[in-house]
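>>> I would like the atomic coordinates for the input below:
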Amino acid sequence: MPPDAAANGLPLGPMQLGMLLQELKGESQSSRVEQLVCYLDEAVDLPALWQAWVILAGRHESLRAGFDLDQSLDRCQWFPDRVDLPWRLTDLSGAGPVRQEE
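This next block holds a predicted model:
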């Protein structure tokens, strides 16, 4: 956690705390990750898409949330002013259908 983030720290909500405790105990039934796959017929402007995500993360602090489990659970959620979004482009257009679906 960044040094100035402790002042911005918040407690977990009841649902967040329950989900965290289930994960820590190994009682979780899923990874709680959701993925949406879209197929587009037209070309995508990748720099514009990346920039849109940067703008979105800048506007909505919940997309920048971090969790520090080394701290007390009463203030372990924090929100940095900005984040560096990881971006990886993988071109699978030359791969077969099975590889594309992986």
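>>> Could you pull out the buried residues of stretch 47-57?
Across stretch 47-57, burial judged by 16 or more other C-beta atoms under 10 Å covers A57. For every residue, glycine as well, the C-beta is placed using N, CA and C.
>>> distance of V54 from E102?
Applying C-beta to C-beta, to the nearest Å, the value for V54 to E102 is 28 Å.
>>> likewise R59?
33 Å.
>>> and if you look at G66?
For G66 relative to E102 (C-beta to C-beta), the value is 29 Å.
>>> Of those two, give the one with the bigger neighbour count.
G66 (14 against 6; other C-beta atoms under 10 Å).
>>> Is the more buried one in contact with R82, as I believe?
No. Between G66 and R82 there is no contact under C-beta atoms under 8 Å: 12.0 Å.
>>> Please name the spatially closest residue to the residue nearest the centre of the chain (chain neighbours excluded).
Residue closest to the mean C-alpha point of the chain, counted by C-alpha atoms, centre = their mean, is L63 at 6.5 Å. Sequence neighbours aside, A57 is the residue nearest to L63 in space, at 4.7 Å (criterion: C-beta to C-beta, 6 or more residues apart in numbering).
>>> do you know how far the one you found is from V44?
For A57, the distance to V44 - C-beta to C-beta - is 19 Å.
>>> now do G13
Per C-beta to C-beta, G13 is found 35 Å from V44.
>>> now do W78
Going from W78 to V44 by C-beta to C-beta gives 33 Å.
>>> Between the two, tell me which one has more neighbours.
Neighbours were counted for W78 and for V44 using other C-beta under 10 Å; W78 has more, 21 against 9.
>>> Right, I'll leave it there.
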